[in-house]
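[1] Give me a 3D structure for the following:
(one chain, ligands or ions: 1)
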Amino acid sequence: MGNPDLPAPEEVVEELCRQAKDPENHRYSRPSGMVEKKLKEAIAQWYYQRFKVQLDPGTEVLPLIGAKEGVAHLSLAFLNHDDIAIVPNPTYPVHFDGVIMAGGILYSLPLTAENQFIPDFKSVNPEVTKRAKLLFVSYPHNPTSQVVDRKFYEDLIDWARSKELILASDLAYSDIVFDGYQAPSILQVPGAKQGGAIEFHTLSKSYNMAGWRIGFVVGNKEILASLAKTKSYIDFGIFRPVQWAAIKALTGSQECVKRNVEIYRKRRELFVDGLNAIGWRIPKPKATFYVWAKIPVQYNTLTALEFTTRMIKETGVAASPGTGFGEYGEGYVRFALVAPEEKLKTAIGRIQRFLNVGD
Ligand SMILES: Cc1ncc(COP(=O)(O)O)c(C=O)c1O
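    Below is the predicted model:
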């Protein structure tokens, strides 16, 4: 799993503890409450600092019980039974699971080595785009680690013009970037908001708050209002101490994020260089803490699931089969660098023996 092993920032944990002691915070969260308002302001401020995109905290920001929750409910809010959602494949599973649960029709856009794991929107049949309501993109990408530049979003907005599509970008890994690369936001493209774009974020990765369940979505206000309404039938918002702590994370020093990224960068060097040295050739990812690896030739008669099952049984090293992210992930496995360097070194040693046996 992409489950960060590092701790949340100390000052954020302290704020959570402090706020948890106040009985006022034990009540249901209210959409118009004080902390709820302050959190939306903190998100808008973070967004401006990060992407230079101006958001109205009142209408263009919606906090979520994790980005995953919001993505799943987006499909529920908008898809009727004969509506199509265009979803790249492989992808973070809730992008397609949400569509399936809502009873929508899934249209997969293959991401392959041939297209550099970047979807070719123009290849979608116009009959499909006519019936499509929703399109997902997500870069830096889980599971392939691929990244895009701003031009990708410009082309997407341009292509989507005159189509009735919600453009949902999942930017969970905006901060986990290396070698000077900066992840752009779809909302940096002029007219994106009006063109139906929204963007999901999470505090799970940048601040190691995966178990706290907090994320947010920003962008087109009509789409956010409908999602908020759907959510109001289902949940009562976010535990208030978690909201206070999120404000601390978003408005405090961002040194903790830099420290995180440096740890992941070192793990990436060690693991990717290590695998290359033992003959498993993989490129170095520019972002995320994932490594997307083609199954080595000596095992390529196995499916990804068979390969990962055999690897964990024989080495104790767990990787996700590429097909866990959609059928176009066949032939690949995804490693998540969520273990300390010592463990990664042990893993490389064991993988080396495993690969040699397979020769
Ligand atoms: C692309 C992507 N979006 C969202 C999430 C989950 O975010 P959250 O913890 O806020 O639900 C993940 C977690 O792995 C992810 O990879």
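
[2] Now the most centrally placed residue in the chain. Nearest residue, chain neighbours left out?
    When C-alpha atoms, centre = their mean is applied to the chain, the residue found nearest the centroid is Ala172 (3.5 Å). Among residues not flanking Ala172 along the chain, Thr202 sits closest, at 4.9 Å (C-beta to C-beta, 6 or more residues apart in numbering). Every C-beta, even on glycine, is put in place using the N, C-alpha and C of the backbone.

[3] Test my guess that that neighbour contacts Asp175.
    No - the pair Thr202 / Asp175 is not scored as a contact, 10.1 Å apart, by C-beta atoms under 8 Å.

[4] who's more crowded, those two?
    A direct count of neighbours by other C-beta atoms under 10 Å for Thr202 and Asp175 places Thr202 higher, at 23 against 20.

[5] Kindly check the end-to-end length of stretch 160-174 for me.
    Using C-alpha to C-alpha, to the nearest Å, the end-to-end distance of stretch 160-174 comes out at 23 Å.

[6] Return the residues in contact with the residue of the stretch 201-350 of the chain found nearest the ligand.
    Using C-beta to the nearest ligand atom, Thr202 is the residue of the stretch 201-350 of the chain that sits closest to the ligand, at 3.0 Å. Neighbouring residues of Thr202 by C-beta atoms under 8 Å, 6 or more residues apart in numbering: Gly66, Ala67, Ala172, Ile214, Gly215, Phe216.

[7] List buried residues within those residues.
    Buried members of the contacts of Thr202, scored by 16 or more other C-beta atoms under 10 Å, are Gly66, Ala67, Ala172, Ile214, Gly215, Phe216.

[8] For those, work out which two are farthest apart.
    Using C-beta to C-beta, the pair of the buried ones among the contacts of Thr202 lying farthest apart is Ala172 and Ile214, separated by 12.4 Å.

[9] returning to that earlier point: how much space is there between the residue of the stretch 201-350 of the chain closest to the ligand and Asn89?
    The gap separating Thr202 from Asn89 is 21 Å, by C-beta to C-beta, to the nearest Å.

[10] Enumerate the positions of the longest helix anywhere in the chain that are buried.
    Scanning the chain for the longest helix, with DSSP state H as the assignment, gives helix 255-277. By 16+ other C-beta under 10 Å, the buried positions in helix 255-277 come out as 256-257, 260-261, 263-265, 267-268, 270-272, 274-275.

[11] hmm, that helix touching the ligand?
    No - shown here: helix 255-277 not in contact with the ligand (C-beta under 6 Å from any ligand atom), separated by at least 13.9 Å.

[12] Can you spell out which helices and strands pack onto that helix?
    Counting contacts by 3 or more C-beta pairs under 8 Å, 6 or more residues apart in numbering; DSSP states H and E, helix 255-277 is packed against strand 290-294, helix 341-358.

[13] Report the distance from the last one to the chain centre.
    Computed by C-alpha atoms, centre = their mean, to the nearest Å, the chain-centroid distance of helix 341-358 equals 28 Å.

[14] Packing partners of that helix?
    Partner elements for helix 341-358 (3+ C-beta pairs under 8 Å, 6+ apart): helix 255-277, helix 304-315.

[15] Extract the residue ranges of the protein that are flagged as low pLDDT.
    358-359 (pLDDT under 70).

[16] So which residues of it form strands?
    Applying DSSP state E to the chain gives strands spanning 61-64, 84-89, 105-110, 132-137, 166-170, 197-202, 215-219, 290-294, 320-321, 332-336.

[17] Within the sheet, what are the partner strands of the fifth one, with directions?
    If I follow you right, that is strand 166-170. In the sheet, strand 166-170 lines up against strand 132-137 (parallel), strand 197-202 (parallel) (DSSP bridges).

[18] tilt between the first one and strand 84-89?
    Read it as strand 132-137. Strand 132-137 and strand 84-89 are oriented at 20 degrees to each other (axes from the mean of the first three to the mean of the last three C-alpha atoms, to 10 degrees).

[19] Renumber starting at 93 from here on
    I'll keep to 93 as the first residue from here, and by that count the last item is strand 224-229.
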